[in-house]
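Student: task: produce atomic coordinates for the following.
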Amino acid sequence: MMWILGHILATGIGISLGLIGGGGSVLALPILVYVMGVPTKPAIAMTLVIVGTVSLIGLIPHWKKGNINFKKAFIFGSATMLGAFLGAKIAGLPFVTDNLQMLLFAIMMLIAASLMIKRSLQNSTKLSSEDHLENIKIEVYQPPVCQYCWLWLLTEGLGVGILTGLVGVGGGFAIVPALVILGKTPMKEAIGTSLLILVVNAISGFLGYLGQVDLDWNLIGSFVISASLGSFFGAYLSQFIDGKKLQKYFGYFLIAVAAFVLFQNQSASPRKKSALNWQDKVTLLNPVQTAQRHL
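Tutor: Numbers count the residues shown, from 1 in each chain. Purely as a prediction, here's the structure:
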């Protein structure tokens, strides 16, 4: 039953990526941890594979429509790749516990939700697109100097990458606003470009985790298939639905996810139980390696 529920929810990962260019990691990590019983560190590594693969698939329709700015993707993506690899290595340090990672995850969700809700409230003023963009710059982001916006893109890209590698978040919901505000990129182009950045970001972060955690590739594959189907549906819906209008509701959804994670994070015993279940599963999948360890 939980397997079916997890894969139904995985479809929502793809829909969010195809529709608003983000939210995949926000959905994937809690599903893997709390529905499928995967410990935090392997779940983050698996999230990177799932979101990266689905982003690559969802990238195709945006590429056909010409909604990708490769120059800005290179500038921002180079910084996020470095940050993601460093974040994954930091996650392997002894003092970075599962509870700490999930706590940071919840905090980032609350920050992202507050920014999304604030921007969506400004949409209700019904300004023109140019006035709306300027309104966001002045009242929401407020970069101190934007004469050299590419430097701000590199700086934020590094920070986004570290968060991605460390806690598995910091994808489209952070990349899209940076591209729109700092990169002066149209919304639809920013969404397509963010998917390309998510792909390279996920690859770099996963390489940082490779060899440090045990992965269930069967679960990864089934999640990728479910989420991929959702990404095509989300890309189709993006032709009829304005992603900016969904920001407020998605922001409230992030608050709900963060509250759930904080509630679950209060008790260590369920997490230990999940870890034991996962270890038992890995033992069954790798009996030869287990026998060698005991010899």
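
Student: hmm, residue 58 and residue 195 touching each other?
Tutor: Yes - Residue 195 is in contact with residue 58 according to CB atoms under 8 Å; the separation is 5.5 Å. Yep, even glycine has a C-beta here, placed from its N, CA and C like the rest.

Student: next secondary structure after the least confident helix or strand in the chain by mean pLDDT?
Tutor: Among the helices and strands of the chain, helix 129-136 carries the lowest confidence by mean pLDDT, DSSP states H and E, at a mean of 44. Where DSSP states H and E defines the elements, the next helix or strand beyond helix 129-136 is helix 149-167.

Student: kindly export the next helix or strand after that next one (C-alpha atoms) in CSV.
Tutor: Helices and strands here follow DSSP H and E; after helix 149-167, the next one along the chain is helix 172-181. The C-alpha coordinates for helix 172-181 follow below in CSV (Å, rounded to 0.1, in the frame of the first residue of the first chain):
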residue,chain,number,x,y,z
GLY,A,172,13.9,25.4,-9.1
PHE,A,173,12.2,27.4,-6.4
ALA,A,174,15.5,29.2,-5.8
ILE,A,175,16.9,29.1,-9.3
VAL,A,176,13.9,30.6,-11.2
PRO,A,177,13.7,33.8,-9.1
ALA,A,178,17.5,34.3,-9.4
LEU,A,179,17.3,34.0,-13.2
VAL,A,180,14.3,36.3,-13.4
ILE,A,181,15.6,39.0,-11.0
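
Student: got the angle between helix 172-181 and helix 149-167?
Tutor: Note on geometry: by axes from the mean of the first three to the mean of the last three CA atoms, to 10 degrees, helix 172-181 and helix 149-167 are set 180 degrees apart in direction.

Student: any regions of the stretch 51-200 of the chain where pLDDT drops low?
Tutor: Applying pLDDT under 70 to the stretch 51-200 of the chain picks out residues 119-120, 122-150, 170-173.

Student: at 80 instead, please
Tutor: Counting by pLDDT under 80, the stretch 51-200 of the chain shows low-confidence ranges at 54-55, 57-58, 61-62, 111-113, 115-156, 168-178, 180-185, 187-188, 191.

Student: surely residue 193 and residue 75 touch.
Tutor: No - here residue 193 does not reach residue 75: they are 10.4 Å apart, not a contact under CB under 8 Å.

Student: looking at those two now, which is surrounded by more residues?
Tutor: A direct count of neighbours by other CB atoms under 10 Å for residue 193 and residue 75 places residue 193 higher, at 28 against 19.

Student: which element is the more buried one on?
Tutor: helix 187-209.

Student: could you say what helices and strands that helix packs with?
Tutor: helix 2-20, helix 40-64, helix 70-91, helix 149-167, helix 172-181 (3 or more CB pairs under 8 Å, 6 or more residues apart in numbering; DSSP states H and E).

Student: run a quick neighbour tally on residue 70.
Tutor: For residue 70, the neighbour count with other CB under 10 Å is 11.

Student: could you check how far it is from residue 34?
Tutor: From residue 70 across to residue 34, the span is 37 Å (CB to CB, to the nearest Å).

Student: also residue 216?
Tutor: 16 Å.

Student: residue 49 too?
Tutor: Counting by CB to CB, the gap from residue 49 to residue 34 is 19 Å.

Student: can you check residue 103 too?
Tutor: Distance from residue 103 to residue 34, by CB to CB: 15 Å.

Student: if anything else comes up later, I'll come back, but that's it for now.
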